[in-house]
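**Student:** no sequence on this one, just coordinates:
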């Protein structure tokens, strides 16, 4: 994804220089008000983002959803311990208006599950760049860091090229094989093509899903599914990980992806409400 370079320091310096060049009526410079239709007229500031605050993260996930993501919650006999597990633990933050998060960790007889939810509200300090545009640039950087497979290009019956989001199933065997090979190289969790790391089209303004399977060592293999999306000037990240208690066991990719995507959709709906 092509991104525009943005250097806050240079932009601020340029804005200051341009402001100084306009001069004033007292020092002989031309006043901005002397000719409202001239190029000297002040440029209107970019629009602020939709969100001015963030929700309390540990209360953003309801108990029913937590029970589905963290099966061990239902196995806890001690009521106080269960309530503490449901409550989660807020991540360290220095500005709750800009970035918040909450994490949960619960053990069951079959696995240990981890859940992390983070929300970041982006604010642009450049009058020429809106909060939404700045958030889009940061999200693009996050997406590039995930190293998703390249989108698959197929040809329809009419001969028109069709570009599918990375990792989605292809209607032609050759394209499917190519996409699968690309996905295998990009992620250690290679499996069915439709479960590979990919862009998501039905979540927020833009979104992606990553799926990684830890293959190091001889212990149980931990799978981590990440769903990230942007809505206006807020970026939301859901990180869901599971490590089985049985050596050699592998967490189910589809089940974990479905759970993570469901939570991400619920968070998107709550932000839009």
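**Tutor:** Okay, I see it. Predicted model only: the values in this text are computed from it and were never measured. Numbering: from 1, shown residues only.
**Student:** all helices in the stretch 1-150 of the chain, in order from the N-terminus.
**Tutor:** Counting by DSSP state H, counting those that start in this stretch, the stretch 1-150 of the chain has helices at residues 8-21, 63-69, 79-87, 131-146.
**Student:** Return the list of helices and strands in contact with the last one.
**Tutor:** This points to helix 131-146. strand 206-213, strand 223-231, strand 234-244 (3 or more Cβ pairs under 8 Å, 6 or more residues apart in numbering; DSSP states H and E). Placement of C-beta: from N, CA and C, glycine included.
**Student:** what pairs with the shortest one, and is each one parallel or antiparallel?
**Tutor:** Within its sheet, strand 206-213 is paired with strand 198-200 (antiparallel), strand 223-231 (antiparallel), according to DSSP bridges.
**Student:** ok, the nearest residue to residue 129 once chain neighbours are set aside to residue 204 distance?
**Tutor:** Leaving out its chain neighbours, the residue that sits closest to residue 129 by Cβ to Cβ, 6 or more residues apart in numbering is residue 46, at 5.8 Å. Separation of residue 46 from residue 204 (Cβ to Cβ, to the nearest Å) stands at 20 Å.
**Student:** and if you look at residue 210?
**Tutor:** 16 Å.
**Student:** For the two, indicate the residue with more neighbours.
**Tutor:** residue 210 (24 against 21; other Cβ atoms under 10 Å).
**Student:** Quick check: closest non-adjacent residue to residue 209.
**Tutor:** Per Cβ to Cβ, 6+ apart, closest to residue 209 is residue 227, 5.1 Å.
**Student:** shouldn't the one you found be in contact with residue 198?
**Tutor:** No. Using Cβ atoms under 8 Å, residue 227 is not in contact with residue 198, being 10.8 Å away.
**Student:** Next, show the common contact partners of these two.
**Tutor:** 208-209 (Cβ atoms under 8 Å, 6 or more residues apart in numbering).
**Student:** residues touching the residue nearest to residue 129, list them.
**Tutor:** With contact taken as Cβ under 8 Å, 6+ apart, residue 46 is in contact with 124, 126-131, 133.
**Student:** Got a quick PyMOL command for the buried subset of those?
**Tutor:** Buried residues among the contacts of residue 46 (16 or more other Cβ atoms under 10 Å), as a PyMOL selection:
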select buried, resi 124+126+129+130+131+133
